[in-house]
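Q: Sequence unavailable; structure follows:
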Ligand SMILES: [Zn+2]
């Protein structure tokens, strides 16, 4: 199935793209997707994602504009929109 | 709404606020609430400066302003309360001067310090609502803790590059900042790219959140993070969840009883 990924500004610097589409196996969880993204980008997302697909402090993950209570339990469906945003702080 | 003018609103104030009094669900009652309200703005940079400017213009009764340091040339691309003639002199004085010129009716408490664990509770105790515009997460988390402990609402606004975000925290009703990040993000760096037009945009929107919450109208961003990408002009409302084990706001929520065995 295909998942659409959106990257916030800080993550975009590492991913090199603003948006992309990723193929994942049916029944993938959000945590599995994040681990897959870490590999797909040769570890460039390591400042925000741990090896087991957990967000590091400051990374906000939204599935269809909602933050799931748990990424391990969040089952993805074809066509889902997953946003990787960072909590920003400045002015 | 009654046609009677609340006794604390003067004819001069009616003249000044006339155009916002035409907002039908705000009106005189809303103006009176603003006048009786006090707001703490943490940092008066490109973001907080615009928040304070709009709140002073709108007639909030008292502003407690916290910002340390002297005006630097590199402040001037975005910090609209700072001026060239004040370079090398305290930012808080420049801000107070500019705000008093704009609206001399507003009581201003100028604090030449940034927020930290030792002064946050005392600063929060002076006001009804807090606007967090600080660039350091340590500062933001100290403010969040003090405001949640005091059960005071916080408008959280932030930006980086052409991206900005905004949400309103009501302790016990919405997630707090520590729900989103219990500790400062490790990847965060103090230097951030910024146009004044980006920080000013979210600053003005934050001021509108404050006005709505204080006057009690409209729909504040409760449990919702508004993210704005001004590069593509994409604005999205995203639902945020509280963290059940949040050390800061967790105690305010009713605990879920384990079912009897
Ligand atoms: Zn919390």
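A: Sure, I can see it. Note that the coordinates shown come from a computational prediction; the quantities given were computed from them, not determined experimentally.

Q: Every contact and neighbour count from this point should use C-alpha atoms.
A: OK.

Q: Work out for me the element the closest residue to residue B:50 other than its chain neighbours sits within.
A: Residue nearest to residue B:50 in three dimensions, not counting chain neighbours: residue B:203, with 5.2 Å by Cα to Cα, 6 or more residues apart in numbering or on different chains. Element membership of residue B:203, judged by DSSP states H and E, is helix B:196-215.

Q: Give me the residues contacting that helix.
A: Outside helix B:196-215, the residues that touch it by Cα atoms under 8 Å, 6 or more residues apart in numbering or on different chains are A:91, B:26, B:29-31, B:33-34, B:37, B:46-52, B:54-55, B:77-79, B:129, B:131, B:155-159, B:161-166, B:168, B:218-221, B:230.

Q: and that helix, how far out from the chain's middle?
A: 7 Å (Cα atoms, centre = their mean, to the nearest Å).

Q: Also stretch B:232-248?
A: 17 Å.

Q: Show me what that stretch is in contact with.
A: Here stretch B:232-248 makes contact (Cα under 8 Å, 6+ apart) with A:62, A:65-69, B:145, B:148-149, B:174-176, B:178-180, B:182, B:223-229, B:250.

Q: just the buried members of the residues you listed?
A: Among the contacts of stretch B:232-248, those classed as buried by neighbour count (16 or more other Cα atoms under 10 Å in any protein chain shown) are A:62, A:65-68, B:145, B:148-149, B:174-176, B:178-180, B:182, B:223-229, B:250.

Q: ok, and which of the residues you listed reach the ion?
A: By Cα under 5 Å from the ion, the members of these lying near the ion are B:176, B:178-179.

Q: From these, which land in helices?
A: Secondary structure assignment by DSSP state H places B:178-179 of those in helices.

Q: could the ones next to the ion among the buried ones among the contacts of stretch B:232-248 go into TSV alongside pLDDT?
A: Output for those, formatted as TSV (pLDDT from 0 to 100):
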residue	pLDDT
B:176	98
B:178	97
B:179	96
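
Q: What residue in the stretch 51-200 of chain B comes nearest to chain A?
A: Going by Cα to the nearest Cα, chain A is nearest to residue B:135 of the stretch 51-200 of chain B, at 4.1 Å.

Q: residues contacting the nearest residue to that residue once chain neighbours are set aside?
A: For residue B:135, ignoring the flanking residues on the chain, the nearest one in space by Cα to Cα, 6+ apart is residue A:90 at 4.1 Å. Residues near residue A:90 by Cα under 8 Å, 6+ apart: B:47, B:133-136, B:158-160, B:192.

Q: Out of the residues you listed, who's the most crowded?
A: residue B:47 (33 neighbours; other Cα atoms under 10 Å in any protein chain shown).

Q: How about the closest residue to the ion within chain A: what's its closest non-neighbour residue?
A: Here chain A gets closest to the ion at one residue, residue A:69, 13.4 Å apart by Cα to the ion. Spatial nearest neighbour of residue A:69, excluding adjacent residues (Cα to Cα, 6+ apart): residue B:241 at 6.8 Å.

Q: go on, residue A:85?
A: Nearest non-adjacent residue to residue A:85 (Cα to Cα, 6+ apart): residue A:8, at 4.4 Å.

Q: what about the one you found, neighbour count?
A: 23.

Q: measure it to residue A:15 for me?
A: Separation of residue A:8 from residue A:15 (Cα to Cα, to the nearest Å): 10 Å.

Q: what's the lowest-mean-pLDDT helix or strand in chain A packed up against?
A: Ranked by mean pLDDT, DSSP states H and E, the weakest helix or strand in chain A is helix A:9-15, scoring a mean of 93. Secondary-structure packing of helix A:9-15 (3 or more Cα pairs under 8 Å, 6 or more residues apart in numbering or on different chains; DSSP states H and E): strand A:81-86.

Q: hmm, 10 Å instead?
A: Applying 3 or more Cα pairs under 10 Å, 6 or more residues apart in numbering or on different chains; DSSP states H and E, one finds that helix A:9-15 makes contact with strand A:2-7, helix A:30-40, strand A:81-86, strand B:163-169.

Q: residues in contact with the next helix-or-strand element following that helix?
A: Note on helix A:9-15: by DSSP H and E, the next helix or strand toward the C-terminus is strand A:19-23. Strand A:19-23 is contacted from outside by A:1-8, A:12, A:33, A:36-37, A:40, A:78-79, A:81-83, using Cα atoms under 10 Å, 6 or more residues apart in numbering or on different chains.

Q: Adjacent strands (with direction) for strand A:19-23?
A: Here strand A:19-23 is paired, per DSSP bridges, with strand A:2-7 (antiparallel).

Q: ok and the strand it pairs with relative to strand A:81-86, angle-wise?
A: On the basis of axes from the mean of the first three to the mean of the last three Cα atoms, to 10 degrees, strand A:2-7 is oriented at 20 degrees to strand A:81-86.

Q: Mean confidence (pLDDT) on strand A:2-7, please.
A: For strand A:2-7, mean pLDDT rounds to 98.

Q: and the angle from that strand to helix A:30-40?
A: 70 degrees.

Q: Contacts made by strand A:2-7 with the rest, please.
A: A:12-26, A:33, A:37, A:61-64, A:76-86.

Q: Does residue A:79 lie in a helix or a strand, and which?
A: Counting by DSSP H and E, residue A:79 is part of no helix or strand.

Q: right, and it touches residue A:1 too?
A: Yes: Residue A:79 is within contact range of residue A:1, at 7.5 Å (criterion: Cα atoms under 10 Å).

Q: neighbour count winner among those two?
A: residue A:1 (15 against 12).

Q: Just give the closest residue to residue B:219, not the sequence neighbours.
A: Here the residue nearest residue B:219, using Cα to Cα, 6+ apart, is residue B:212, at 7.4 Å.
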